[in-house]
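Asker: what shape does this take:
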Amino acid sequence: MREPQTLYDKLWNSHVVAELPGGDVLLYIDRHLVHEVSSPQAFAALREGGRAMRRPRAHLAVADHAVPTGTRGGVIADPLARAQVAELEQNVADFGVPYLALDGEDQGIVHVVGPEQGYTLPASTLVCGDSHTSTHGAFGALAFGIGSGESGTVMATQCLKQRRSKTLRVELVGLPGPHVSAKDIALAFIHQVGALGARGYAVEYTGPAVEAMSMAGRLTLCNMTIEAGGRVGLVAPDDVTFAYLQGRRLAPKGEDWDRAVAYWRTLRSDPGAAYDRVVTLDVAALSPHVSWGTSPDEAAPVTGHVPDPAPYRGKRPASCRKGFAYMACVPACPSPKSPSNACSSGPAPTAVSRICARRRLSPRAGGGPRACAPSWSQDRPRPRSRRKPKGWTLSSWPPASNGAMPAVPCVWR
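Answerer: Predicted coordinates for the structure are as follows:
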């Protein structure tokens, strides 16, 4: 009788091509997202070795890392960014890789366009030259970031040499309050385990709070897994997943869709499946969180205080003081949310706004241009200018009873 398997076990085992000496395996890679910063070396290696791409149509390219965020079209002012985009366009043309053009309506952040296009699918292995590729695990995909050399290997062979991760189950108990977002849950988890607490683990998020989340919330959890040191974040696919994907341009259609969904429904951890570690988080008791330092685990609820650096989580006091200096905070001051805030003066929204302004951030859910997680919208408008409209936020915060907007977590990396 087969032993109960975790979701990670099922995804991993279904993609093992061969067992290798020393505990490694040859893992088949279904999909590869390509962008302008990490791909030049990979394409150059193909040319130098005289190799063709094994499955060019299994890759999807988009320029997103170095491009202007305000406008699309025309000449890119920055010469390095302009050269990177031009090289990507030449490479995808030479090797026949599907490409979302910079001035096209489908262009966007690499980890957003994958879900939007229906390119990210449950049961698949997906890689990208970016650490936040864990984002795509929200769909029940085994997704992780790789380096430029590994990108070239995937292009040439559609396989990678990998070692199995340990498994970590994050059990979210209860349901969050109306002002607690997925990012608050992620910050609380990272604060609990530490910035390297999930290193070496594939992290699966479970519990009623996850089941009640939109795809935007699930994407946020998996995106921020890397901030805890884990390369893989996972959520089991369900009806929320299927509703999001159905009808997407690259998703299966007709009978293929029905067969796919029937299989995707089996991608849940079996009852009794053993994890290497389990972390429980009571989300019903959570308050919104803000970051007070320069590491993802340096966060506190808005009802709490910035800690005294001396005993804080075993970190050296000098490291905490460096974060205080960067954030203009002092030990034991209230979190940046109250009128008595010693870090900065003013009412709650102003306190957050001033701290965010020093970091050139926007004080809203989803953060600003340097936020850890991008903003997703299931039905994102597509203006011709490609300028991001106001209101594209990862999660909306209901206004307070007096009509004022409560303080919103700003997290930066």
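Asker: and whatever helix or strand Leu60 lives in, average pLDDT?
Answerer: Secondary structure assigned from DSSP states H and E places Leu60 in strand 59-62. Mean pLDDT, strand 59-62: 98.
Asker: please begin residue numbering at 2 from this point
Answerer: Sure, I'll start counting at 2 from here, so that last one is strand 60-63.
Asker: now what about that strand, what contacts it?
Answerer: Counting contacts by CB atoms under 8 Å, 6 or more residues apart in numbering, the residues outside strand 60-63 that touch it are 32-36, 40, 54, 89, 92-93, 98-101, 108-109, 111, 114-115, 118, 120, 156. For glycine as for every other residue, the C-beta is placed from the backbone atoms N, C-alpha and C.
Asker: could you tell me which of the residues you listed count as buried?
Answerer: Buried by 16 or more other CB atoms under 10 Å: 32-36, 40, 54, 89, 92-93, 98-101, 108-109, 111, 114-115, 118, 120, 156, out of the contacts of strand 60-63.
Asker: quick one: distance of the longest strand seen in the chain to the chain centre.
Answerer: The strand of greatest length in the chain, counted in residues with DSSP state E as the criterion, is given as strand 167-174. Its chain's C-alpha centre and that of strand 167-174 lie 17 Å apart, by CA atoms, centre = their mean, to the nearest Å.
Asker: pLDDT weak spots in the stretch 302-414 of the chain?
Answerer: When residues are selected by pLDDT under 70, those of the stretch 302-414 of the chain lie in 311-317, 332-414.
Asker: ignoring the adjacent residues along the chain, who's closest to Ser149?
Answerer: Nearest in space to Ser149, with sequence neighbours left out and distances taken as CB to CB, 6 or more residues apart in numbering, is Gln42 at 4.0 Å.
Asker: for that neighbour, give me its contacts.
Answerer: For Gln42, counting by CB under 8 Å, 6+ apart, the contacting residues are 149-150, 152-153.
Asker: show me the contacts for Ser320.
Answerer: Taking CB under 8 Å, 6+ apart, we find Ser320 in contact with Pro310.
Asker: do the same with the one 4 residues further on
Answerer: Neighbouring residues of Gly324 by CB under 8 Å, 6+ apart: 293-296, 299, 330.
Asker: make a markdown table out of those and add neighbour count.
Answerer: Putting those into a markdown table (neighbours: other CB atoms under 10 Å) gives the following:
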| residue | neighbour count |
| --- | --- |
| Trp293 | 23 |
| Gly294 | 23 |
| Thr295 | 16 |
| Ser296 | 19 |
| Glu299 | 23 |
| Cys330 | 22 |
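Asker: most neighbours out of the contacts of Gln42, which is it?
Answerer: Ser152 (26 neighbours; other CB atoms under 10 Å).
Asker: list the contacts for it?
Answerer: 33, 35, 39-40, 42-43, 128, 130.
Asker: and if you look at Gln6?
Answerer: Under the criterion of CB under 8 Å, 6+ apart, the contact list for Gln6 reads 14, 270-271, 274.
Asker: show me the buried ones among the contacts of strand 60-63 that map onto helices.
Answerer: 89, 92-93, 111, 114-115, 118, 156 (DSSP state H).
Asker: for stretch 279-299, the averaged confidence score.
Answerer: According to the model, stretch 279-299 has a mean pLDDT of 92.
Asker: and for Val181, the neighbour number?
Answerer: A count of nearby residues for Val181, using other CB under 10 Å, gives 23.
Asker: neighbours of the nearest residue to it once chain neighbours are set aside, how many?
Answerer: Sequence neighbours aside, Leu287 is the residue nearest to Val181 in space, at 5.1 Å (criterion: CB to CB, 6+ apart). Counted with other CB under 10 Å, the neighbours of Leu287 add up to 22.
Asker: swap in Gly273?
Answerer: Other residues within reach of Gly273, judged by other CB under 10 Å, total 8.
Asker: now it: how far from Thr7?
Answerer: Taking CB to CB, to the nearest Å as the measure, Gly273 falls 10 Å from Thr7.
Asker: can you check Ala87 too?
Answerer: For Ala87, the distance to Thr7 - CB to CB - is 44 Å.
Asker: comparing the two, which shows the higher neighbour count?
Answerer: Looking at Ala87 and Thr7 with other CB under 10 Å, you find the greater number of neighbours at Thr7, namely 22 against 13.
Asker: that one touches Ser270, doesn't it?
Answerer: Yes. At 4.6 Å, Thr7 counts as touching Ser270 under the criterion of CB atoms under 8 Å.
Asker: overlap in contacts, these two.
Answerer: 170, 205.
Asker: quick one: contacts for the residue nearest to Val181?
Answerer: Contact analysis of Leu287 by CB under 8 Å, 6+ apart lists 177-178, 181, 185-186, 189, 302.
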